[in-house]
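> sequence and predicted structure are below.
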2 protein chains.
Amino acid sequence: MSKKAVVLLSGGLDSATALAIAQSRGFEVYAITFAYGQRHAIEIEAARKVAAAAKVARHIVLPIDLRVFGGSALTDDIAVPKGRDEAEMASAIPVTYVPARNTIFLSFAMAWAEVLDSRDIFIGVNALDYSGYPDCRPEFVAAFQHMANLATKAAVEDSAAGVGAPHLTIHAPLIDFSKADIVAKGLALGVDFALTRSCYDPSPDGFACGECDSCRLRLKGFATAGAIDPAPYRKTS
Amino acid sequence: MSKKAVVLLSGGLDSATALAIAQSRGFEVYAITFAYGQRHAIEIEAARKVAAAAKVARHIVLPIDLRVFGGSALTDDIAVPKGRDEAEMASAIPVTYVPARNTIFLSFAMAWAEVLDSRDIFIGVNALDYSGYPDCRPEFVAAFQHMANLATKAAVEDSAAGVGAPHLTIHAPLIDFSKADIVAKGLALGVDFALTRSCYDPSPDGFACGECDSCRLRLKGFATAGAIDPAPYRKTS
């Protein structure tokens, strides 16, 4: 029987690639997607398509209402910034940051991993093209893993039994990748990027804006990788 | 203006006391309760009453469906153990353990604290009478705080500005308390324990069973503190 891994799947290209990497390493994938009140809910449909195409063992879409707290352009009526270059993106943590999002997502993944008796969680964060989010950095991932290994029943039982290695590993296989690296890796693993969506501000019929930070990083990634982004854009500039 | 604190409020006696301690330290309290599919949903009504009695600034009840993962007697059709003594309670992590529960709860509290610009979270865990839950131990609380201070925008900005102390503090003021200490402290601070509920298996009309681990620890705590538990029990033994 193959080992089980829980994979955080957003519907964007990073998590689709992280999922493919988990499968390439022999894991049976349990994918989880959060419906957290994001304005770009079309991502959730993309996640369903990616999960189906990858033939995952199970895909859960979990509603959690982060709008109750407010504080982000991705869940509130704050305008999504457009047309920024990379220096502008890197200058400050952007208004599209959702407070504690990755911490919350990883906490739920930890709960599911424990019930599945899985010791592996995959998250598609990357620190290079990361657009300024604090919870996409390697030191955050390491600190979460340390905390997780003190928090769960299985980890505590392993520790009592004298097992040395961490019970639970948070894999962030894209952490050092540029967007171009991610595109190249995904293409090499057969990811169908036409199914993925990254735009922070898509039109209701699913066309990407081409101008938000996420679109610009994605388009540059494809260009640098020498590939064509198969996702639909409403702008061709 | 007083400082804001986010307080995890379950409706039990521990979190009601933690809330009173936060107020006694001068914090304006923002209380959060999770409707996570627990069988003892009467706790949520208790939390509302405790929050109202304490005149908190705001009380959020957030639905999150932990039943989707399964794995606990508190959310599934697994029998709640009854009539165990403390040696039996301490012998293993009990079936009432909900995977990653405190990690998930603290993650949401962290999100709300960030939006409120609060630097303080209170959780009513205690390690002595803790009934074997790994995520009630001091090392877990410390690891969560460390992770939180790498995860949030405000913490990262503080760090960039050269501020040395942790941005966010996870207060666990009951961590070294026995149940009797908690009862005594709550009574001293004027907590109305008649509003609180602790039973893992209450009757539909709100009477506690008196026999589950939580009831037994609570009753012993009141007895040791020389006080009478004002909550209703369906059994008088």
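Okay, I see it.
> quick check: closest non-adjacent residue to residue A:4.
Using CB to CB, 6 or more residues apart in numbering or on different chains and skipping the chain neighbours, the partner closest in space to residue A:4 is residue A:118 (3.9 Å). (C-beta placed from N, C-alpha, C; glycine too.)
> Three-state assignment for the nearest residue to residue A:195 once chain neighbours are set aside, please.
Nearest non-adjacent residue to residue A:195, counting by CB to CB, 6+ apart: residue A:49, 4.3 Å away. Three-state assignment for residue A:49 (DSSP: H, G, I helix; E, B strand; the rest coil): helix.
> is it true that residue A:49 touches residue A:193?
No: in this structure residue A:49 lies outside contact range of residue A:193 using CB atoms under 8 Å: 11.3 Å.
> biggest strand in chain A, by residue count?
With DSSP state E setting the assignment, residue counts place strand A:28-35 as the longest strand in chain A.
> tell me which strands it pairs with, and in which orientation.
strand A:4-8 (parallel), strand A:58-63 (parallel) (DSSP bridges).
> in it, what counts as buried?
A:28-34 (16 or more other CB atoms under 10 Å in any protein chain shown).
> quick check, nearest of those to residue B:152?
Checking the buried residues of strand A:28-35 against residue B:152 by CB to CB gives residue A:34 as the nearest, at 18.2 Å.
> before we move on, back to that, what number of residues lie near the residue nearest to residue A:4?
When neighbours are counted by other CB atoms under 10 Å in any protein chain shown, residue A:118 registers 21.
> now it: phi and psi?
With angles defined as degrees, to the nearest 10, residue A:118 sits at phi -100, psi 150.
> list the contacts for it?
For residue A:118, the contact set (CB atoms under 8 Å, 6 or more residues apart in numbering or on different chains) comprises A:3-6, A:30, A:112.
> I'd like those laid out as TSV, including pLDDT.
TSV is the format used below for the contacts of residue A:118 (pLDDT from 0 to 100):
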residue	pLDDT
A:3	95
A:4	97
A:5	98
A:6	98
A:30	97
A:112	93
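> report the buried members of the residues you listed.
Buried members of the contacts of residue A:118, counted by 16+ other CB under 10 Å: A:4-6, A:30, A:112.
> which pair in those spans the largest distance?
Going by CB to CB, the pair spanning the buried ones among the contacts of residue A:118 furthest: A:5 and A:112, at 10.6 Å.
> quick check, distance from the longest strand of chain A to the centre of its chain.
Centre-to-centre, strand A:28-35 and its host chain are 10 Å apart (CA atoms, centre = their mean, to the nearest Å).
> what's it in contact with?
A:1-11, A:19, A:22-23, A:41, A:44, A:47-48, A:51, A:54, A:56-64, A:104-105, A:108-109, A:112, A:116, A:118.
> ok, of these, which come out buried?
Members of the contacts of strand A:28-35 classed as buried by 16+ other CB under 10 Å are A:4-11, A:19, A:22-23, A:44, A:47-48, A:51, A:54, A:56, A:59-62, A:64, A:104-105, A:108-109, A:112, A:116, A:118.
> pLDDT weak spots in chain A?
Scanning chain A for pLDDT under 70 picks out A:1, A:39-40, A:71-78, A:89-97, A:129-132, A:159-165, A:235-237.
> hmm, the lengthiest helix in it touching chain B?
Taking DSSP state H as the criterion, chain A has its longest helix at helix A:101-116. Yes: using CB under 8 Å from any CB of the partner chain, helix A:101-116 reaches chain B at A:101-104, A:107-108, A:110-112, A:114-115.
> next SSE after that helix?
strand A:120-122 (DSSP states H and E).
> quick one: that next one near chain B?
No: judged by CB under 8 Å from any CB, strand A:120-122 stays clear of chain B, getting no closer than 11.2 Å.
> export stretch A:170-185 to CSV, keeping only CA atoms.
The C-alpha coordinates for stretch A:170-185 follow below in CSV (Å, rounded to 0.1, in the frame of the first residue of the first chain):
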residue,chain,number,x,y,z
ILE,A,170,5.5,19.5,6.1
HIS,A,171,6.8,19.2,2.5
ALA,A,172,7.2,22.5,0.7
PRO,A,173,8.8,21.2,-2.5
LEU,A,174,8.5,24.5,-4.4
ILE,A,175,10.0,26.6,-1.6
ASP,A,176,13.1,27.5,-3.6
PHE,A,177,11.5,27.5,-7.0
SER,A,178,11.0,30.5,-9.2
LYS,A,179,7.6,30.6,-11.0
ALA,A,180,9.5,29.5,-14.2
ASP,A,181,10.9,26.5,-12.3
ILE,A,182,7.4,25.6,-11.1
VAL,A,183,6.0,25.8,-14.7
ALA,A,184,8.8,23.6,-16.0
LYS,A,185,8.4,21.1,-13.2
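> what does it contact?
Stretch A:170-185 has contacts (CB under 8 Å, 6+ apart) with A:5, A:13-14, A:17-18, A:20-22, A:106, A:120-129, A:138, A:141, A:144-145, A:148, A:193, A:217-218, A:220-222, A:224-225, A:227.
> so for residue A:49 and residue A:193, which sits in the more crowded spot?
residue A:193 (23 against 17).
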